[in-house]
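**Q** sequence below, structure please.
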Amino acid sequence: MKKNDDALLVIDLQTGVCLRATKPIDHLSELISLVNTRIQEYADRNRPVIFVQHREEELITDSPAWQIIPQLNTSNAYFIEKTHANSFYQTELKQLLERLSISTIEICGAQTQYCVDTTVKFAHGLGYKVVMQSGATTTYDTEFMTASQTISFYESIWKDRFVTFFDK
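**A** Numbering: from 1, shown residues only. The predicted model follows:
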């Protein structure tokens, strides 16, 4: 993706989100590698990377659980804290994107069916072009679907409606 008006939005890749169960969230090592590659590509083009961190009862600001997964490169990034699945709801995200003249947002992160889905649809509704690499989100297995099935299900909903997918 080679644009001059884009930003990378990394949603909730926090220790307490991705490492809270008996096993890590689905395909975490691959996702960390993918996200670090995307972060480096944005850095090489001097484009913004924005980390969104969820805050709630188990994710208290500045606590170990609230921290971004330490394997991710967070240097020279912007940080937004949220308390809702929608990364735009009662945050400074929209103002930051406007200040940076962003019209295209590449999204990655956790969890596919909650914060990522809500942010994807809201960003689209606000008029942003939303792009994503397939497999750039993650979640846990549920009683209804495996994590892999959930990710595929949401990607099929987003494709060509809310998100333009691109190849590696």
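**Q** what pLDDT does the model give T22?
**A** On pLDDT, T22 comes in at 76.
**Q** and it, how many neighbours does it have?
**A** 4 (other C-beta atoms under 10 Å). Backbone N, C-alpha and C define where each C-beta goes, glycine included.
**Q** where does it land in three-state SS?
**A** Assigned with DSSP: H, G, I helix; E, B strand; the rest coil, T22 falls in the coil class.
**Q** and it, how far is that from E143?
**A** 16 Å (C-beta to C-beta, to the nearest Å).
**Q** next secondary structure after the lengthiest helix in the chain?
**A** In the chain, with assignment by DSSP state H, the single longest helix is helix 28-44. As assigned by DSSP states H and E, the chain's next helix or strand after helix 28-44 is strand 49-54.
**Q** can you mark which positions in the next helix or strand after that next one are buried?
**A** Using DSSP H and E, the helix or strand that directly follows strand 49-54 along the chain is strand 78-82. Within strand 78-82, the residues that count as buried by 16 or more other C-beta atoms under 10 Å are Y78, I80, K82.
**Q** just stretch 115-135 next, same as before
**A** For stretch 115-135, by 16+ other C-beta under 10 Å, it's 115-124, 128-133, 135.
**Q** what do you get for stretch 17-32?
**A** V17, C18, I25, D26, H27, L28, L31, I32.
**Q** what's next to it, contact-wise?
**A** Residues outside stretch 17-32 that contact it (C-beta atoms under 8 Å, 6 or more residues apart in numbering) are 13, 54, 58-59, 65, 69, 71-72, 108, 110-111, 135-141, 146-148, 151.
**Q** what's the answer for stretch 41-58, then?
**A** 1-2, 4, 6-14, 16-17, 20, 39, 59, 61, 65-66, 68, 73-74, 76-83, 87, 91, 93, 96, 100, 102, 109, 115, 119.
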